[in-house]
Structure formats: C-alpha cells, structure tokens
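>>> Give me a 3D structure for the following:
(one chain, ligands or ions: 1)
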Amino acid sequence: MCGIVGYIGPKSVESVLLVGLQKLEYRGYDSAGMAVLGDGEIATRKAVGKIAELQKLLKNQPMFGTVGIGHSRWATHGEPSTVNAHPHLNKQHTIAVVHNGVFENYAKLRSELTDDGYVFLSETDTEVAPHLMDKYLEEGFSPEEAFARMLRRLDGQYALAVIAEKANQKIFFARKGSPLIVARGKSEYLLSSDIPAVVPICEDAIYLENGEWGYVSPEGVTIFNAAGDIVTPKWEPITVSIEDVDKGEFEYLMLKEIYEQPDVFERIFKERLDETFIHFPELKFGKEYLARVGRILIQACGTSLNAGMIGRIYIEQFSRISTETDYSSEWRYRNPLTSGDSLVVGISQSGETADTLAGIREAKAKFMRVLSFLNNVNSTMARESDALINLMAGPEIGVASTKAFTAQVANLLLFSLYVGSIKWLIPSEERAKILSELRMVPDMMRKILKNHDSIKKIAAFLKDKNDTIFLGRTYNYPSALEGALKLKEISYIHASGYAGGEFKHGPLALVSENVPVVIIAPKGEIRTKMISNLKEAQARKGKIISIITEGDEEIKKESDFYFEIPECDESISPLLVAVPLQLLAYYTAIERGCDVDRPRNLAKAVTVE
Ligand code: F6R
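Alright, predicted model coming up:
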C-alpha cells in the first residue's frame, strides 16, 4: 500500500528509482513520482497512473543527480492526480517527502501550518511533512534536528523518506508502523518498502524496527531509536533472488506464482516432513504448551481468512481443539472473550496487513499468546507475535494471492496433524496415510496445470457474465469463497461464494440462465449433497461449471463445463481445487482484457485500516 524508494550512490538515480518503483508497483499504481537532488537543487517528476506513465515522462524530461526518492501511490487522502502524487514539497522546493501510511493528526497540523502562512497545494495528509520540516529549518535547526522535530509532531503510522537541499548527500528516513528497509550494495544505499526493489543491486539489508529513524549518506547509515539513542545497524543477507521477484517467461506475475505452487509444496515438505513425522523448526512454542491449548481464535483478512477457515476444520478434526475464525477487522472490535488456554492465530502473506496486525495487538493487550503463519518472516507481525510458522511460499508479488493461499492451507494442515500427534490423537498409520497423499500433491498440481486449456474454454464462456455463484461444503466451502474472491478481484465479475447447504435459504433466487453456478464437488462425504445443489441450480436454468474428481461421469453428464482434479482424500482436496479456481479467475480476466497484476482500486499489503 504505497511503495517508497530512495537511492544514494554512483549509478543513475533515475534508473535505480524507476526499477525500484516497478518492483514495488504491486503496492499501488494510482500515481508515481520521484525527486532527485542534483547540482544542489531538487527536481521532481510525477505522473498519474501506472509507473509506465512516469517512465514516459522521464524519457522526455530525464533527471540527473546522486540522491533521490520515489513513490508509487495507492490513494487514501485525495484522488489520484498529479497534485496529490508524491513527492510532496515545501514552497521553495528545497525539501521533498515520500510517505507510506497515514498521519492521523494531519488536519490539526495543516490548520496550524496554514495559520503560520504555509500554503497547501494537495489534499494529502503527507504535505504537512515538508512544511513542518521547512518550519524547523527556518527556525535555525540543522537538517537532522529539523527532521527529528518533524517526526515528534507526526501521529499515526508511516514510512518516510526525505531529501533536502541543505543536507546535500543524505536521505532521511523513519519507520513507525509501515515497513521500511535500508539495503546496501557497492558504495551505495537503497531505501525501500519491500525487498523486491533492492534485490537487483544490494547484498544485505536492515529491517528497521518501529520507531527507528535516521539517515543514509555515502559514509554509511545512522540509525536512532524512538528515544533518540544511536542503534547499531543489524545487517542481514538478502536471500531472495532476482528470479524470485521477476515474472520471467510468464505474461503476469500471478500466472508465474500459480505455476510455482508444485515447487512451493516440495520445498515445504522437504523442510517439514521426514519418513514418519512433521517438524516446525522455527516454532518457538514447546510441545507441552501446544498440547494444553484449549481454544484457537484465527483472525485474518481476505484470502488468508479463507485459508484460516479451512485450517479451522483441520484443527478441530485432527487436533481436537475448539477453533473460531473471524475477520481481523471484526474480531478486534467485538471485545473477544479470553481465557488462559486460548491461542490467537494470525495468518498473513505480507505480515503487514493493518487489520491483522491490530488483531494481534488486541490479543496481546488481552494477555493472549499469538502464533502467526507468515510468508514474510521479517515483517512487523513476525516481530510482534510470540511464535511464527514460515509459510515458505517465496516472495508473492501478484496482487491476487495464489501460492501463499495454498501454502497457508498446507501449513495449517501440517500444524493440525502435528498438534494432534503431540496429543496422541492420530494413530501413526492415519498420519502416514495423509502425509503420503500430501507428498503426491505437487505432481497432482502439475497435472492440473498441464490441463489449463480446458479452463480457457470455461473462461471464454464466463467472460460475458455479470454474476457468478460458487458453491462448496465443509473443506470446500472456503474454497468457494476463495474462488469467488479471485474471480471478482481480477476480472471484476461479481461473484459470491456460499456454503452449499445455505443455497436454498436465499442465494438460489439469484440463479438464472445468465448466472452460472460453480459447483465444487470432489469425491467424498459431501459429493452427493453437492449434486443436490447442482440439480437445484439446473432446475432454474443455471449453467453448471463443476470441479470434480477424475472420472466422475455422473456429474460430468449434468455439467455444462467441468474440470477434473486427481483423486485424493477429501481433506486434501482444497489444495487441488484452488488451482483450477485460480486459473479460471486468471483466464477470465485475460479474456476481459484486465490487467491481472494491477487490479483496479487494489494493492498488495493493505497497511491502512
Ligand atoms: C486476495 C488477497 C487479499 C489478501 C488480504 C490479506 O487475493 O490477496 O484478500 O489475502 O489483503 O493479506 P495478507 O495475507 O498479506 O495479510
């Protein structure tokens, strides 16, 4: 949600910032801009829309210098426009600021600064920052002191990068709530909201803690904590490779990430499974504690919550622990009941989602322990949770979550089996059977991916529809929610997922020949119930798209379109069902000419509440 970059070093600042912004574009693409300090003066370029627009502008109006900052915006305060685009400047254009987050007290500051004679050009909260810094510089403070004073006046959460003519070879930075990384290459430093921007040229990085601030200069990095004490930088090697953050031969990152799923699963199994047992080496909770947990409260958002809903069934089934799920944004406001044996589980790809993070903080304020399932193990949630499980999906950059979802489901399944085994609830033969099926998932996924052409045919049919219904039961009710979420977010076709049993209690009224119904009916206990749903929809002229187990002739005959997944245990089926649903959303969006990696109005890592 907004990406910021900064660069100081010998390379072309414009090029480094541009590549950095391209790598961070998933965080927002309403507008983009950069400010470069060259020959003692700050120049800026801004463009509405995607980074490509800024790139066009730079072609005609290039920038030169050795220090610069850049921004890709996901609009919060003020519509996407050039005037609202970052960087924001003081009147004399001697200070430039890029910001990710929200200054909650901006209205008060704005009126105070207006009284002091400052003129605001934009509707953004960010613009208070350059004026505040200007005020302190005018009062005679050094750039370092002016920056520190400005920070003390700003409430809310933010990541900031600032350049100023009076501090010729410095970029100031601060982190409070929103992520920020300082990375170094050869005689050069980069600031960035996330790792992808720094991977091409940096070898190691510092993940700033909340409240930390400071500056980079050619001499190095200086960091202070919130109390103003100097902090010794903790450099960590960057393990992500360029291939991890590049779309390679694929047209879109989302497609690449869908195709990565078999490899992700092999990685997870290699790390977590041996011949007979499951391992979570990074999990700080001991077996004794886990065996005593009496209640689990899963809180997450969007796709991560859908994974959590499947996890709930696993945990109740295999660990026999009473488990609830809720949207983080609801959970934290409903004064949740607590007890000593309750464990709060947060699930998040980014580890930066503001709602989930607030849920974690609420849990800790109520003295509950927190375990988070995270893909970004350097994230704020990783730091604030009592323990974590690494999803190991690798960097997920496509705005629509795919491989992180299936990695969440897989890790939740393994976790539930692990806890169930600690509690001696699962006979070792049963565990061995599930694990041996799980090991076959990567190859089963590869088989599904090979068959992508049949999904293209369904997408060609779906592309002209305005509404679609997804139905599933038990393990695949959350799959229906996830299938609907994927379709609506990238193709803009309205889609809703329902529990099959609820269909006749209202949603059935929506069905007509123009409203297709996706029936998720793999082999298992609920298959016959799903056939009843199919018949109900068919009787109202609804076109049927079914996801079935290979060779299910009965459902095939009744369906207008079908997609077959390999035969597997019902508990594992959500992992396989997810893939055709992701492909269906993808190819439908392509058919409709949508920009899959930049769905309108959305951004990855939602760092505002
Ligand atoms: C949908 C999607 C979102 C995220 C949600 C939570 O494809 O990606 O619904 O799942 O914003 O994000 P994380 O998992 O980063 O907390």
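
>>> Phi, psi for the residue in the stretch 251-400 of the chain positioned nearest to the ligand please.
The ligand sits closest to residue 302 of the stretch 251-400 of the chain, with a gap of 1.9 Å, by C-beta to the nearest ligand atom. Quick note: C-beta positions are derived from backbone N, CA and C, even for glycine. In terms of degrees, to the nearest 10, the main-chain angles of residue 302 are phi 50, psi -130.

>>> if I've got this straight, residue 82 is in a helix?
No - counting by DSSP: H, G, I helix; E, B strand; the rest coil, residue 82 falls outside a helix, being coil.

>>> And the worst-scoring helix or strand of the chain on mean pLDDT, what's buried?
When each helix and strand of the chain is scored by mean pLDDT, DSSP states H and E, helix 242-245 comes last, with a mean of 86. Neighbour counts using 16 or more other C-beta atoms under 10 Å place 244-245 of helix 242-245 among the buried residues.

>>> Quick one: name whatever helix or strand follows that helix.
helix 253-259 (DSSP states H and E).

>>> next structured bit after that following helix?
Next element after helix 253-259 (DSSP H and E): helix 261-272.

>>> tell me which residues in that next one are buried?
By neighbour count on 16+ other C-beta under 10 Å, the buried set for helix 261-272 is 261-262, 264-265, 267-269, 272.

>>> Could you give the average pLDDT over it?
For helix 261-272, mean pLDDT rounds to 97.

>>> same thing with stretch 310-323?
Mean predicted lDDT for stretch 310-323 stands at 97.

>>> ends of it, how far apart?
End-to-end distance for stretch 310-323: 11 Å, by C-alpha to C-alpha, to the nearest Å.

>>> Give me the contact list for that stretch.
Contacting residues not belonging to stretch 310-323 are listed as 293-298, 324-325, 345, 347, 408-409, 412-413, 415-417, 419-420, 423, 425-426, 474-475, 478-479, 571, 574 [C-beta atoms under 8 Å, 6 or more residues apart in numbering].

>>> and with 6 Å instead?
293, 295-296, 325, 409, 412-413, 416-417, 419-420, 425, 475, 478, 574 (C-beta atoms under 6 Å, 6 or more residues apart in numbering).

>>> hmm, it touching the ligand?
No - Stretch 310-323 lies out of reach of the ligand by C-beta under 6 Å from any ligand atom, never closer than 13.2 Å.

>>> distance between that stretch and the chain's centre?
25 Å (C-alpha atoms, centre = their mean, to the nearest Å).

>>> re the thing from before, where's the residue nearest to the residue of the stretch 251-400 of the chain closest to the ligand when sequence neighbours are not counted, which helix or strand?
Nearest residue to residue 302, sequence neighbours excluded (C-beta to C-beta, 6 or more residues apart in numbering): residue 485, at 6.7 Å. Using DSSP H and E, residue 485 sits within helix 477-491.

>>> just checking, what packs against that helix?
helix 302-314, strand 467-472, strand 494-499, helix 573-591 (3 or more C-beta pairs under 6 Å, 6 or more residues apart in numbering; DSSP states H and E).

>>> Pull out the buried residues from the second one.
I take that to be strand 467-472. Applying 16+ other C-beta under 10 Å to strand 467-472 flags 468-472 as buried.

>>> what subset of those is also close to the ligand?
Applying C-beta under 6 Å from any ligand atom to these, none is adjacent to the ligand.

>>> May I see those arranged in JSON lines, with pLDDT as well?
Converted to JSON lines, the buried residues of strand 467-472 look like this (pLDDT from 0 to 100):
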{"residue": "468", "pLDDT": "98"}
{"residue": "469", "pLDDT": "98"}
{"residue": "470", "pLDDT": "98"}
{"residue": "471", "pLDDT": "98"}
{"residue": "472", "pLDDT": "98"}
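
>>> Now do the same contact list for residue 48.
Residue 48 touches 31, 80, 82, counting by C-beta under 6 Å, 6+ apart.

>>> typo on my end, it should be residue 353
Residue 353 touches 301, 606, counting by C-beta under 6 Å, 6+ apart.

>>> And the pLDDT for it?
94.

>>> sorry, back to before: make TSV from the helices and strands packed on helix 477-491 and add distance to residue 245 to it.
Formatted as TSV, the helices and strands packed on helix 477-491 follow (distance: least, C-beta to C-beta, whole Å):
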stretch	distance to residue 245
helix 302-314	20
strand 467-472	31
strand 494-499	29
helix 573-591	19
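
>>> are any of the contacts of residue 48 buried, and which?
By neighbour count, with 16+ other C-beta under 10 Å, those hold residue 31 as buried.

>>> Looking at the contacts of residue 48, which one is closest to the ligand?
The nearest one, if we look at those relative to the ligand and count by C-beta to the nearest ligand atom, is residue 80, at 20.2 Å.

>>> show me the contacts for the closest one.
Counting by C-beta under 6 Å, 6+ apart, residue 80 has contacts 30-31, 48.

>>> how near is it to residue 599?
To residue 599, residue 80 is 15 Å away according to C-beta to C-beta, to the nearest Å.

>>> try residue 401
Distance from residue 401 to residue 599, by C-beta to C-beta: 12 Å.

>>> what's the answer for residue 494, then?
Taken as C-beta to C-beta, the span from residue 494 to residue 599 is 14 Å.

>>> ok, the spatially closest residue to residue 596 that is not a sequence neighbour - how many residues close by?
Distances taken as C-beta to C-beta, 6+ apart place residue 252 nearest to residue 596, at 4.4 Å, with adjacent residues excluded. Taking other C-beta atoms under 10 Å as the criterion, the count of residues near residue 252 is 19.

>>> wait, residue 252 sits on residue 595?
No - in this structure residue 252 lies outside contact range of residue 595 using C-beta atoms under 6 Å: 8.4 Å.

>>> So residue 494 and residue 599 - more neighbours on which side?
Neighbour totals were compared for residue 494 and residue 599, and residue 599 leads with 21 against 15 (other C-beta under 10 Å).

>>> which residues does the more buried one contact?
Per C-beta under 6 Å, 6+ apart, neighbours of residue 599: 399, 489-490.

>>> Just the CA trace of the helix holding residue 485, in CSV.
This file holds the C-alpha atoms of helix 477-491, laid out as CSV (Å, rounded to 0.1, in the frame of the first residue of the first chain):
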residue,chain,number,x,y,z
TYR,A,477,-16.9,-24.0,1.4
PRO,A,478,-13.9,-21.8,2.0
SER,A,479,-12.7,-22.8,-1.5
ALA,A,480,-16.0,-21.4,-2.9
LEU,A,481,-15.3,-18.1,-1.0
GLU,A,482,-11.8,-18.0,-2.4
GLY,A,483,-12.8,-18.9,-5.9
ALA,A,484,-15.4,-16.1,-5.9
LEU,A,485,-12.9,-13.6,-4.4
LYS,A,486,-10.3,-14.4,-7.0
LEU,A,487,-12.8,-14.0,-9.9
LYS,A,488,-14.2,-10.7,-8.7
GLU,A,489,-10.9,-9.1,-7.8
ILE,A,490,-9.1,-9.6,-11.1
SER,A,491,-12.0,-9.9,-13.7
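
>>> start at 440 instead
From this message on, residue numbering opens at 440, which makes the last subject helix 916-930.

>>> could you check the angle strand 933-938 makes with it?
180 degrees (axes from the mean of the first three to the mean of the last three C-alpha atoms, to 10 degrees).

>>> contacts for helix 916-930?
Outside helix 916-930, the residues touching it (C-beta under 6 Å, 6+ apart) are 745, 748-749, 839, 909-911, 932, 934-936, 938, 959, 1013, 1016, 1020-1021, 1024, 1027-1028, 1031, 1033, 1035, 1038.

>>> Run the chain-centre distance for that helix.
16 Å.

>>> same deal with stretch 694-714?
That offset, for stretch 694-714, works out to 19 Å (C-alpha atoms, centre = their mean).
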